[in-house]
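Q: Predicted model, plus sequence, below.
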Amino acid sequence: MRDRAAGFRAEMQARRTVRDFSPRPLPSGVLEDCLAAACSAPSGDNLQPWRFTVVAGPDLRRRIREAAEAAERKFYESAATRKWRDDLAPLGTAPSKPFLETAPALVAVFVETHRDLPGGGRAANPHALESACIALGILFAALHHAGLAALCYTPSPARFLRTLLGRPENERPLCLVAAGFPADGVTVPDIRRKPHDEVILRR
Ligand SMILES: Cc1cc2nc3c(=O)[nH]c(=O)nc-3n(C[C@H](O)[C@H](O)[C@H](O)COP(=O)(O)O)c2cc1C
């Protein structure tokens, strides 16, 4: 057990967000296994309120990129506060998001916030966001474990995803996950994780 825990720790500590992907396709079935692993997440009332939309069509990917980059340009030009821009600076991000077209896999993640009741009417899904975020965490762990690089991208606002992907209004877009092999020579920002005694507390 100790070996397994320590091995998993070391494996996860080697994960880094990658923003440039090689066009090399994924081995068949790998993305499907990672998504299936994500769907094993615990969820409030077992409602499994996550929805993973695999976006494969080049035309749709281009339209997602155009909409995301338009939102990004607006954000960088006006909405972004100085503090937010300072926080983003070390990451080297910019309004251009080529990975939306170049990453071999792109998955739009939605949270089903409400559900239709059998007898009519609607109910809020309890802890929908928490549940979907746990599934998302498992997806990132599974992709990394499989040997793939990934990026969690959160366009803001993200409403366009619902329209472009034809999802109902009881689903809230959470993020886009780009995954694949890293591009040749890719680098990652020189950033640090917080010391564990700052984030793991004991009382
Ligand atoms: C909820 C969430 C939203 C994120 N949104 C973005 C994003 O919109 N664009 C981006 O380039 N990276 C995004 N990231 C990636 C983070 O910048 C990255 O995880 C963080 O800088 C730590 O780096 P690491 O993943 O290499 O450890 C996001 C990550 C999370 C968990």
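A: Now that the structure is in, tell me what you want to look at. Residues are numbered from 1 along each chain as shown.
Q: hey, let's count contacts and neighbours off CA atoms from now on
A: Will do.
Q: For residue 72, grab the count of nearby residues.
A: 21 (other Cα atoms under 10 Å).
Q: Surely it is within a helix?
A: Yes - assignment of residue 72 by DSSP: H, G, I helix; E, B strand; the rest coil places it within a helix.
Q: Does the ligand have contacts with the lowest-mean-pLDDT helix or strand in the chain?
A: When the helices and strands of the chain are compared on mean pLDDT, DSSP states H and E, helix 82-88 comes out lowest with a mean of 77. No - applying Cα under 6 Å from any ligand atom, one finds helix 82-88 out of contact with the ligand, separated by at least 7.8 Å.
Q: Which secondary structure elements does whichever helix or strand comes after that helix sit against?
A: Using DSSP states H and E, the helix or strand that follows helix 82-88 in sequence is helix 99-102. In terms of contacts (3 or more Cα pairs under 8 Å, 6 or more residues apart in numbering; DSSP states H and E), helix 99-102 is packed against helix 58-74.
Q: Does anything pack onto the helix it packs on? Which helices or strands?
A: Secondary-structure packing of helix 58-74 (3+ Cα pairs under 8 Å, 6+ apart): helix 99-102, helix 159-164.
Q: Any buried residues in it, and which?
A: When neighbours are counted by 16 or more other Cα atoms under 10 Å, the buried residues of helix 58-74 are found to be 61, 63-69, 71-72.
Q: Angles on the backbone of the residue of the chain positioned farthest from its centre, please.
A: Distance from the C-alpha centroid of the chain, by Cα atoms, centre = their mean, peaks at residue 119 (34.4 Å). Backbone torsions of residue 119, given as degrees, to the nearest 10, read phi -90, psi 10.
Q: can you check residue 51 too?
A: Per-residue torsions, residue 51: phi -130, psi 120 (degrees, to the nearest 10).
Q: Make sure it is actually in contact with residue 128.
A: No - in this structure, residue 51 sits apart from residue 128 without contact. The criterion is Cα atoms under 8 Å, and the distance is 11.2 Å.
Q: Quickly find the element holding residue 34.
A: When elements are assigned from DSSP H and E, residue 34 belongs to helix 30-38.
Q: What of residue 130?
A: Mapping residue 130 onto the secondary structure by DSSP H and E places it in helix 128-146.
Q: looking at the helices and strands packed on helix 58-74, which is closest to the ligand?
A: Closest approach to the ligand among the helices and strands packed on helix 58-74 (Cα to the nearest ligand atom): helix 99-102, 10.0 Å.
Q: How much space separates residue 7 from the ligand?
A: Distance of residue 7 to the ligand, given as Cα to the nearest ligand atom, to the nearest Å: 18 Å.
Q: Correction: the previous question concerned residue 165.
A: Relative to the ligand, residue 165 is positioned 19 Å away (Cα to the nearest ligand atom).
Q: Same check on residue 16?
A: According to Cα to the nearest ligand atom, residue 16 stands 3 Å off from the ligand.
Q: Share the number of residues neighbouring that residue, please.
A: Other residues near residue 16 come to 13 when the count uses other Cα under 10 Å.
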